[in-house]
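1. coordinates for the following, if possible.
(2 chains)
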Amino acid sequence: MTLLNASALYLASAAGLILLLHFLRARERRCEVSALFLWEGLRGDPQSRAARLWQKLDLLLILQLSALLSLVFALAQPAKFVSVASLSQLAVVIDGSASMRTSTGDGNTRYDWAIEEAMRILDRYPSTPTAVVQLSSRPQILSFPEASDVETKAAIHRSAPSFYGDGTLEDLNAILSGLGGIPSYERILLLTDHPFPGIPPSMETVLVSGGTNRAITAFTVREQATEGGTTAFVEVCNYTDEYEDARIRISDGTHQTSLSILLMPEGTEQYVVPFPSSRGTLFTATLDPGDDFEVDDVRYCALSRPLDLRVRWIGALNRYLLAALESVTSVTLVEEGEPSDLTIAYGEPLPSPTPGNVLLIHAGMDGYVALGEEIDASGAVEELDPSSPLLAGIEGKNLRIQTLPVVEFEVTPDVLLRVDHTPLLAVWSEKLRTITLLAADLMRTNLPILVDFPLFMRNYLSGLMRMPAELTYEWSHTGDSIELGDRGSIQELRGPDGVPVGLPENASTFRPDQPGHYLLVTTHGAYPVAVNVPSTESTLRDPDSAEALLTDSDRTTLALVPLWPYLAGIAMIFLLAEGLRFAGRGWRFGRERQ
Amino acid sequence: MERLIDEAFFQRLAKLRFIAKGRRKGRLSGRHVSPRAGISLEFADYRQYAPGDDFRYVDWNIYGRLDRILVKTYVHETDLPIYLLVDCSASMSLGIPPKVHYAARLATAIAYLGLRGLDRVGLFPFSEHLGIVVPPRHGMKHLGRIFGALRDTEAGGRTSLDDAISEFLKQTHENGIVFVVSDFLTPGGYEEGFARLRHRGDEPIVVQVLAPEDLHPTATGTTRLVDAESARRLTITIGPRTLREYERRLQQHCSRLRSFLAERRIPYFLAPTRRPLEQLFHEDFRGGGILR
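-> Numbers count the residues shown, from 1 in each chain, chains lettered A, B, ... in the order given. Next up, the predicted model:
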């Protein structure tokens, strides 16, 4: 034992003051009695030496001196050397990938067990500089070797498993290189739920396990371009060794379809789920019932196109037409050369054959129609095909047309409305697109002020065949960098909970940190992005495939353990006992005094 | 300090009444039987008619049968003076709680009972001489005066019961029930006082208040004993044998007091301060025939 502040021992001289005060006081017991005459003449008892000594040694004095000496020794900061396990430097790597969220069935997760193990390791090496790293596809440092034991433990307790995928040895090498590199660590302990093949000998794996799992490991949706609706492709894996009854539910936010399935033990099944009623863009597949790893029971998919209608506008912008379109759907005007869902030619002929859907308003189109001089069209509007979906809810008799151009068709369309034998509304229905002609100048009709106009646009857009979204089999994963590609520059990013996610200015990528549907608003439209946890996280590894290693071949070192808290506690006990003793004096005698 | 007045305890006392031995001449109407004939519902006796007697009390049936004019007399109920002689000497200040405090609570309870029974109650604290006296009065308002006097009384001085009783007899001219509350831890000096009380026709009732420290001292080792009243000192080594001898002497002292009082038919009650007052009243006083 050593004293870190030996000069405090001088305070022990205060004991002399206590002794002086003690001897200045009456040394004999004094006791007032009611009737001294009853005591007079009594022969006193012979007193033993121990009793005489005890009477001289007052308990209060002993307690006072003991409290003083304990306090003095506490102030002298005694410490003792103890032999503890020690390493030159230790790294504790905690697997923070999504699979560590798996419940182990006792209210804890694998990550909780990993933390508990990490605490045991820290307690075992109290004087060893320890770095703590959370390993995932985006590893992070939880604690630096310079941090104290308390700070390190607090940092570990504050941490939580991520939704990212597994980290690799390269990831670990990269992050430890910022902490001196792997060679600078005498021991690296990896707390994980799966073995790392090919780890260097300086790393030891401690495996945590527990929990059962069934997972959706693949999910994508394909649009039916001609029939409408969608078809979902789902792959489900059963990592248990039992047959499992389950149900796949697929939802687009409005409609839902489901499929009951029987999963083979440790089997993988693929399912095609028709979803004819779907009109949505965002899809969620859910596997019921849930299990210990809930993250992979819900998967997300989004069609790879923006949510809003991309319109390429040729000619003067007509606010009545644009307002009627926006009353039906969100509209984004795109430039020439950018992908579009619809081309609107307003008052200007289309110079060359145009791909995709076309709406001609008082405009011709090479190869289809040419417009001539204006003629008077004050006659009644005639409905040639009232049953056409395009005319649902529209009454031709309400329309008033001032003038109409002479129309010359190069390809014969279906004429739906005409005035005095001059076509007013004509439609060319092709395999993958429609071309619609409204021959009159919109502003020379009463259509913009009629309720029939937005109805007409609703009918038009609902029958519009958008190009089916490109089928993608690749998921966007949590932690991956998602490129914007040709989607313009980011204006806003909303997370799965609808809350805007902060991004740096002019960002061209973003890294989602949790699964779900993100909405990426760019200069080119609003793009849904479905993000999932990597399916590799779903796999339950066999814990026996790697050994849990914690060798006892540690060398020991001497550590200084402070003893002053114990001495301070003892001093407090002495002071408390002294107080009780002093208070208890009156219990025995009426007016006993020392 | 404990409260002198415990309302719940007083409520339980309310049904008790003092029993006066013999008939006493009181001043005012009360609940005790007077030797004088008076007006009440209880028939007492016949006596010869004398001029001036109220004709309403002539028993005409007797006159018809015996040809004698007799008048009926009835029991006269009168009040009773109750005197509280409370020892306030220095020795009464010892003990936890102090004996004087126990004595004050006891006196307050007796005063409450007396005033509730329409008797007059007076307080006479004493040590060598009488202290500040509260003369006997009627009515529950008087309890406040007695209570205030007891509360303000401080223990001090030596005990001299003979002198105190002598002064008491000079200050009072009517006999009654005299409660003497003291620790009686004096070698003597009470015999003459009680003889005088008896001579005047008072009914003394003695309550000896002792603290646990008096009954069973726990001091050990060499101790300087100081007399609370005389300040005399005695250094003695106290051990089990000394303590046994002390307790034997105390027993003898109390037995002598008890014998003296018993010879004069004076009720005696030992009241250790740890004994609840309720037990003292309901068990000892009722068992001793001074309460009903």
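2. buried residues in stretch A:116-131?
-> Neighbour counts over stretch A:116-131 (16 or more other Cβ atoms under 10 Å in any protein chain shown) mark A:Glu117, A:Ala118, A:Ile121, A:Leu122, A:Arg124, A:Tyr125, A:Thr128, A:Pro129, A:Thr130, A:Ala131 as buried. Every C-beta, even on glycine, is put in place using the N, C-alpha and C of the backbone.
3. how is chain A carved up into domains?
-> According to automatic domain parsing, chain A comprises the domains A:1-16+A:57-81+A:561-594, A:88-211+A:540-553, A:214-304, A:309-462, A:479-529.
4. tabulate the ones you listed (JSON lines), appending distance to B:Val133 and mean pLDDT.
-> Shown next, in JSON lines, are these (distance: least, Cβ to Cβ, whole Å; pLDDT from 0 to 100):
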{"stretch": "domain A:1-16+A:57-81+A:561-594", "distance to B:Val133": "28", "mean pLDDT": "80"}
{"stretch": "domain A:88-211+A:540-553", "distance to B:Val133": "76", "mean pLDDT": "82"}
{"stretch": "domain A:214-304", "distance to B:Val133": "92", "mean pLDDT": "87"}
{"stretch": "domain A:309-462", "distance to B:Val133": "106", "mean pLDDT": "87"}
{"stretch": "domain A:479-529", "distance to B:Val133": "89", "mean pLDDT": "81"}
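5. who wins for proximity to B:Ser91 among the ones you listed?
-> When those are compared by Cβ to Cβ, domain A:1-16+A:57-81+A:561-594 sits nearest B:Ser91, at 10.1 Å.
6. chain center to that closest one, what's the gap?
-> Remark: domain A:1-16+A:57-81+A:561-594 is offset 56 Å from the chain centroid, using Cα atoms, centre = their mean, to the nearest Å.
7. for stretch A:153-168, same thing?
-> Mean-position distance between stretch A:153-168 and its chain equals 12 Å (Cα atoms, centre = their mean).
8. give the contact list for residue 172.
-> In the absence of a named chain, chain A is used. Residues near A:Leu172 by Cβ atoms under 8 Å, 6 or more residues apart in numbering or on different chains: A:Val93, A:Val133, A:Leu135, A:Pro139, A:Leu190.
9. actually chain B
-> Going by Cβ under 8 Å, 6+ apart, B:Thr172 touches B:Pro81, B:Tyr83, B:Gly122, B:Pro136.
10. repeat that for 10 Å
-> B:Pro81, B:Tyr83, B:Gly122, B:Phe124, B:Val133, B:Pro135, B:Pro136, B:Val178, B:Arg200, B:Asp202 (Cβ atoms under 10 Å, 6 or more residues apart in numbering or on different chains).
11. in three-state terms, label A:Gly198 for me.
-> Following DSSP: H, G, I helix; E, B strand; the rest coil, A:Gly198 is assigned to coil.
12. what's the burial count for the closest residue to it other than its chain neighbours?
-> Nearest residue to A:Gly198, sequence neighbours excluded (Cβ to Cβ, 6 or more residues apart in numbering or on different chains): A:Leu169, at 7.1 Å. Under the neighbour criterion other Cβ atoms under 10 Å in any protein chain shown, A:Leu169 is assigned a count of 16.
13. next, name the residue at the spatial heart of the chain.
-> Answering for chain A, as no chain was given. With distances taken as Cα atoms, centre = their mean, A:Gln514 lies nearest the centre of chain A, 3.7 Å away.
14. that answer is for a different chain, and I need it for chain B
-> By Cα atoms, centre = their mean, the most central residue of chain B is B:Phe179, 1.2 Å off.
15. what is that residue paired to in the beta sheet?
-> B:Phe179 forms beta bridges with B:Leu84, B:Ile205, as assigned by DSSP bridges.
16. can you check A:Ser103 too?
-> Following DSSP bridges, A:Ser103 is listed with bridge partners A:Thr109.
17. how many neighbours does it have?
-> Residues lying near A:Ser103 (other Cβ under 10 Å) number 17.
18. verify the stated contact: it with A:Arg110.
-> Yes - in this structure A:Ser103 lies within contact range of A:Arg110 using Cβ atoms under 10 Å: 8.3 Å.
19. which residues do these two both contact?
-> With Cβ under 10 Å, 6+ apart as the test, A:Ser103 and A:Arg110 both reach A:Gly210, A:Gly211, A:Asp292, A:Phe293.
20. leaving out chain neighbours, which residue sits closest to the first one?
-> Leaving aside its chain neighbours, A:Gly210 sits nearest to A:Thr104 (3.1 Å; criterion: Cβ to Cβ, 6+ apart).
21. check contacts around the one you found.
-> So A:Thr104 contacts A:Arg110, A:Tyr111, A:Asp112, A:Trp113, A:Asp193, A:Val208, A:Ser209, A:Gly210, A:Gly211, A:Asp292 (Cβ under 10 Å, 6+ apart).
22. of these, which belong to helices?
-> Within these, residues falling in helices by DSSP state H are A:Arg110, A:Tyr111, A:Asp112, A:Trp113.
23. wait, which of the residues you listed is closest to B:Leu243?
-> Distance to B:Leu243, by Cβ to Cβ, is smallest for A:Asp112 among these, at 67.1 Å.
24. tell me the buried residues in stretch A:357-374?
-> By neighbour count on 16+ other Cβ under 10 Å, the buried set for stretch A:357-374 is A:Asn357, A:Val358, A:Leu359, A:Leu360, A:Ile361, A:His362, A:Ala363, A:Gly364, A:Met365, A:Tyr368, A:Val369, A:Leu371.
25. now do the SS call for B:Asn61.
-> helix.
26. one step back: looking at the contacts of B:Thr172, which one is closest to chain A?
-> B:Phe124 (21.1 Å; Cβ to the nearest Cβ).
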